[in-house]
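K.L.:
this is the structure alone, sequence omitted:
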């Protein structure tokens, strides 16, 4: 099969060590409306932080609405659809996905990949249960601690026991082959891991690769732990959807932001400024908080991102991985 050009071991070594990988497409090919002729494409279902916007208790917030960060992978050739994170807005997000790529039957969810156990990334699983969809055996791909958390704690354990979801454990650096044409590689990252480990995912086809990494504490800490830098990760993919929770320190009034150690967008832009234009254009900031000014496409901060050669993920964006 074509995915064999990687091989599971070769894929893990190649991506994590970034040996022998090169980007095959310009990242600025991402489009707001996409291309229905694309065989395999990513769809941005949400780009906000876990609680979206307006957040609870902020009814006066009249800024642009945000749904929690999530992606979908549509394989038109195989007639399958996969979710990356199951957000609390899963109902609305699946409805939007149905407009782009109608399901072949039922919910049309052929698998869900979970990054970690924070509310914006797995609570949507509850809608697969008896009280809602009553789904059967939806594959949920999770790392070992995440899988143990779901099996050992209600109401998630009920989803497992009643056969609504079927957990498939993943291993860090272990390539999961989903078809002859694409697979997924989890990449462990430092984050607040109270209930589970945290990973990002590299979604790979023979033509192009995308990184989905909505939550991380520190790129320096990631490099110290993994031996790979942010710059190397960007070099190894065609699209990089990375953590953009906050623009800068001082954004959360009355709170010590050192206790919320996400990389600041302004600092990531400075770090990556020396990269060539083609590398910077791969970066799409995602998972931005309701306080982050880039949620407004018309803001000075959004303009600064574009002027610096980077991009901001917006709900509805589509990126082709195989033509």
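P.N.:
Nice, I can see it. Just so you know, these numbers come straight off a predicted model, no measurement behind them.
K.L.:
surely residue 121 meets residue 86?
P.N.:
Yes - Residue 121 is within contact range of residue 86, at 7.1 Å (criterion: CB atoms under 8 Å). (Glycine included, C-beta is placed from N, CA and C.)
K.L.:
overlap of the contact sets of those two?
P.N.:
Common contacts of residue 121 and residue 86 (CB atoms under 8 Å, 6 or more residues apart in numbering): residue 114.
K.L.:
for residue 4, give me the pLDDT.
P.N.:
Residue 4 is assigned 49 on the pLDDT scale.
K.L.:
let me fix that, I meant to ask about residue 32.
P.N.:
50.
K.L.:
what bridges to residue 42?
P.N.:
residue 73, residue 319 (DSSP bridges).
K.L.:
let the chain start at 31 from now.
P.N.:
That works, and once the first residue is 31, the last one we named lands at residue 72.
K.L.:
so it sits against residue 105, correct?
P.N.:
No - the criterion here is CB under 8 Å, and residue 72 misses it with residue 105 at 10.9 Å.
K.L.:
quick one: which of the two has more around it?
P.N.:
Higher neighbour count among residue 72 and residue 105: residue 72, with 26 against 21, using other CB atoms under 10 Å.
K.L.:
was I right about residue 236 contacting residue 210?
P.N.:
No - when contacts are counted by CB under 8 Å, residue 236 is not listed as touching residue 210 (9.3 Å).
K.L.:
those two: who's more crowded?
P.N.:
Each of residue 236 and residue 210 had its neighbours counted (other CB under 10 Å), and the higher figure belongs to residue 236 (17 against 13).
K.L.:
tell me the helix or strand right after the strand or helix carrying residue 250.
P.N.:
Using DSSP states H and E, the element containing residue 250 is helix 249-256. The helix or strand immediately downstream of helix 249-256 is helix 260-265, counting by DSSP H and E.
K.L.:
just checking, what packs against that following helix?
P.N.:
Judged by 3 or more CB pairs under 8 Å, 6 or more residues apart in numbering; DSSP states H and E, the packing partners of helix 260-265 are strand 239-243, helix 249-256, strand 269-273, helix 295-302, helix 307-310.
K.L.:
what's opposite the residue minimising distance to the centre of the chain in the beta bridge?
P.N.:
Centroid-nearest residue in the chain, with CA atoms, centre = their mean: residue 242, separated by 3.6 Å. In this entry, residue 242 is beta-bridged to residue 231, residue 271, by DSSP bridges.
K.L.:
model confidence for residue 142, exactly?
P.N.:
pLDDT, residue 142: 98.
K.L.:
so it makes contact with residue 113?
P.N.:
Yes - with contact defined as CB under 8 Å, residue 142 reaches residue 113; the gap is 4.6 Å.
K.L.:
and those two? Which one has more around it.
P.N.:
Set residue 142 next to residue 113 and count neighbours by other CB under 10 Å: residue 113 wins out with 26 against 23.
K.L.:
hmm, that one is touching residue 102, no?
P.N.:
Yes - counting by CB under 8 Å, residue 102 is a contact partner of residue 113 at 5.6 Å.
K.L.:
name the residues contacting each of these two.
P.N.:
Common contacts of residue 113 and residue 102 (CB under 8 Å, 6+ apart): residue 75.
K.L.:
check which helix or strand covers residue 198.
P.N.:
strand 195-199.
K.L.:
avg pLDDT for the very next helix or strand once past that strand?
P.N.:
Note on strand 195-199: by DSSP H and E, the next helix or strand toward the C-terminus is strand 206-207. Across strand 206-207, pLDDT averages out at 92.
K.L.:
distance from the chain centre to the next helix or strand after strand 206-207, please.
P.N.:
Downstream of strand 206-207, the first helix or strand assigned by DSSP H and E is strand 213-218. Strand 213-218 has its C-alpha centroid displaced from the chain centroid by 11 Å (CA atoms, centre = their mean, to the nearest Å).
K.L.:
one more: stretch 345-353?
P.N.:
13 Å.
K.L.:
kindly report the same for stretch 330-348.
P.N.:
16 Å.
K.L.:
then stretch 123-138?
P.N.:
Centre-to-centre, stretch 123-138 and its host chain are 18 Å apart (CA atoms, centre = their mean).
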